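1. Next one to model:
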Amino acid sequence: MMSNGLSQDTNVDLSGFDDDFESAEAPSADEVPDGKYQVRIDGVRLDHSQKGDPMIKWDLIVIAGSQSGRHIFKNSVITPAALPFVKGDLKTLGLDLARFSELNERLGDLLDMTLEVTKRTRGEYSNVYFNKRISIATDGAVARPPADEIPF
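-> The predicted model follows:
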């Protein structure tokens, strides 16, 4: 035992990792840059903001391009002023609710949906906007939505 409170086993040989360690790149904790992304909804849940307001927490995974595999997080705080934006996001995703209170039971319907989003940063705050739902073909190309989903 070392005097600084750290224990050390001097018999652990890490030399076999030296070459890999030298070439390994630490994962970036930086956010994805601003831009448009194709994403899949990997997680969605209801929570509360620091002020105690209800909010929807979105975990989106980029599925195409140079940022593929990275996460984009979006928090949709639910207040009377923000409710039109929340409703717009749900409409973009095709989730029709008879009553807003049904949302908690319907969150699972949103998982694995694919959509195009725009991430935009102003100052220290980032916003993520849901542009439109997209369908991904098996070859990775974006497929056209079914005719009954085309708005025009």
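2. how about low-confidence regions in this structure?
-> By pLDDT under 70, the low-scoring segments of the chain are 1-10, 24-29, 137-152.
3. try it again with 90
-> In the predicted model of the chain, residues 1-31, 124-125, 136-152 satisfy pLDDT under 90.
4. which other residues reach the lengthiest helix in it?
-> The residue-count maximum for a helix in the chain (DSSP state H) belongs to helix 83-92. Around helix 83-92, the neighbours that count as contacts under C-beta atoms under 8 Å, 6 or more residues apart in numbering are Ile56, Ser76, Ile78, Leu97, Phe100, Leu103, Leu115, Phe130, Asn131, Lys132, Arg133. All C-beta spots, glycine's among them, are computed from the backbone N, C-alpha and C.
5. Could you find the closest non-adjacent residue to the third one?
-> Same thing as Ile78. Using C-beta to C-beta, 6 or more residues apart in numbering and skipping the chain neighbours, the partner closest in space to Ile78 is Pro54 (4.5 Å).
6. Kindly report the same for the second one.
-> For Ser76, the nearest residue in space outside its immediate sequence neighbours is Ile56; the separation is 4.3 Å by C-beta to C-beta, 6+ apart.
7. Helix, strand, or coil at that neighbour?
-> Assigned state for Ile56: strand (three-state reduction, DSSP: H, G, I helix; E, B strand; the rest coil).
8. Just give me the neighbour total for it.
-> Ile56 has 20 neighbours, counted by other C-beta atoms under 10 Å.
9. Show me what it is bridged to.
-> Beta-bridge partners for Ile56, by DSSP bridges, are Leu46, Ser76.
10. residues in contact with it?
-> Neighbouring residues of Ile56 by C-beta under 8 Å, 6+ apart: Val44, Arg45, Leu46, Asp47, Asn75, Ser76, Ile78, Val86, Leu103.
11. Which of those are buried? Put it as a ChimeraX command.
-> What follows is the ChimeraX syntax for the buried subset of the contacts of Ile56, where burial is set by 16 or more other C-beta atoms under 10 Å:
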select :44,76,78,86,103
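12. tell me which element the most centrally placed residue in the chain is part of?
-> Closest residue to the average C-alpha location of the chain: Leu60 at 2.1 Å, with C-alpha atoms, centre = their mean. Assigned by DSSP states H and E, Leu60 belongs to strand 54-62.
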